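[1] Generate coordinates for the sequence data below:
(4 chains)
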Number of protein chains: 2
Amino acid sequence: MTYTIKQAAEKSGLSASSLRYYDKKGLLPFVSRNRIGYRDFTDSDLKLIHTICCLKNTGMKIRNIRRYVNEVMAGPDTIPDRVKLLGEHRAAVLDEQRKIAENLSEIDNKLNRYRDPDAIKKVNTDIKNATEEKISESLSNSYFNNN
Amino acid sequence: MTYTIKQAAEKSGLSASSLRYYDKKGLLPFVSRNRIGYRDFTDSDLKLIHTICCLKNTGMKIRNIRRYVNEVMAGPDTIPDRVKLLGEHRAAVLDEQRKIAENLSEIDNKLNRYRDPDAIKKVNTDIKNATEEKISESLSNSYFNNN
DNA sequence: ATAAACATTCGACTATGGTTTAATGCAAGA
DNA sequence: TCTTGCATTAAACCATAGTCGAATGTTTAT
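    Numbering: from 1, shown residues only, chains lettered A, B, ... in the order given. Purely as a prediction, here's the structure:
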């Protein structure tokens, strides 16, 4: 069983354009061509493409995905390299997730402030403070169009 | 106390270029200018810039950050809009975090496979299967340069 | 045999989020 | 005064990750 690029696109969730783009970028050196130059995707190809998607979806750059694919193509000797590459990526993703969670918790604080019954009062106090800060520096103020 | 763009850059963790870029994109309408046209950043300004950074760091697009900033500038009447905007953003971020965690867990599976004592054997089996799949379809095989 | 529906490549185009450069101006210290 | 260091703008440039259109070829069904 092989698949055309359109079928591979459906199965992988990528667009045919993206698959061609990835191929051009060296991410799909394992995809064969039939006698007239059309790509023939196998199930094994789609498994590796799935892994590529996992890396892409977690933010790995094309350049590093290519490194990984090349290591896969080079055979079992590169297993330590793959562990290093994936392990470092894993750590980077976790760190990024942590940072996002931190930033999100600040957004949550804002949301809670806005949902507070006294939100209007508090927001008005903020505006007053910001405005006074501008005034005390003889700066123009743009809150509420009070220029 | 006011800050030059350089000092504001240091305090916010952004580059001066980014601050100018954000200003150009309408994210900093609250930043005043002194008599010769230089930006004067106040502490209140930096607080709002901090919020902007939280939104940016969680992946909000410039266009939506601008919407938020405009709502802030428009005063307390827009609090429900802000809650909607931030609430939707929050949900989107959580969903994205969930997807990333899912993809990462598949990467973890790969890592565990590679760290298995039988990793080489298993990888060789994979290559064998992939190769046989290609052969059975009369396709060229590129694993191990066995073209 | 001809049209529809695929496939190919190449180069141009888009979007996003900046960074860099060039020309210019202001301000403060030697 | 003159140099140094900061500021301004507009426009060009960059990186990333695609997407699209044109020209062309293939396969299939009618």
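[2] all helices of chain A, in order?
    A:5-12, A:16-24, A:43-57, A:62-73, A:79-115, A:119-136 (DSSP state H).
[3] could you list every residue that touches the residue most central in space within chain A?
    Centrality entry for chain A: nearest residue to the mean C-alpha point is A:Gly59, 3.8 Å, by CA atoms, centre = their mean. The contact partners of A:Gly59, taken as CB atoms under 8 Å, 6 or more residues apart in numbering or on different chains, are A:Ala92, A:Val93, A:Glu96, B:Ile100. Heads up, the C-betas are built off the backbone N, CA and C, glycines and all.
[4] Just send the helices of chain A back as a markdown table, with distance to B:Met1, mean pLDDT and mean neighbour count too.
    Shown next, in a markdown table, are those (distance: least, CB to CB, whole Å; pLDDT from 0 to 100; neighbours: other CB atoms under 10 Å in any protein chain shown):
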| stretch | distance to B:Met1 | mean pLDDT | mean neighbour count |
| --- | --- | --- | --- |
| helix A:5-12 | 55 | 98 | 16 |
| helix A:16-24 | 50 | 98 | 15 |
| helix A:43-57 | 44 | 98 | 19 |
| helix A:62-73 | 44 | 98 | 18 |
| helix A:79-115 | 23 | 98 | 15 |
| helix A:119-136 | 9 | 95 | 15 |
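[5] want to throw the ones you listed into a markdown table with distance to chain B?
    What follows is those, written out as a markdown table (distance: least, CB to the nearest CB, whole Å):
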| stretch | distance to chain B |
| --- | --- |
| helix A:5-12 | 14 |
| helix A:16-24 | 12 |
| helix A:43-57 | 4 |
| helix A:62-73 | 6 |
| helix A:79-115 | 4 |
| helix A:119-136 | 4 |
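[6] Burial check on A:Ser138, number of neighbours?
    Other residues near A:Ser138 come to 11 when the count uses other CB atoms under 10 Å in any protein chain shown.
[7] Distance of it relative to A:Glu132?
    As defined by CB to CB, to the nearest Å, A:Ser138 lies at a distance of 12 Å from A:Glu132.
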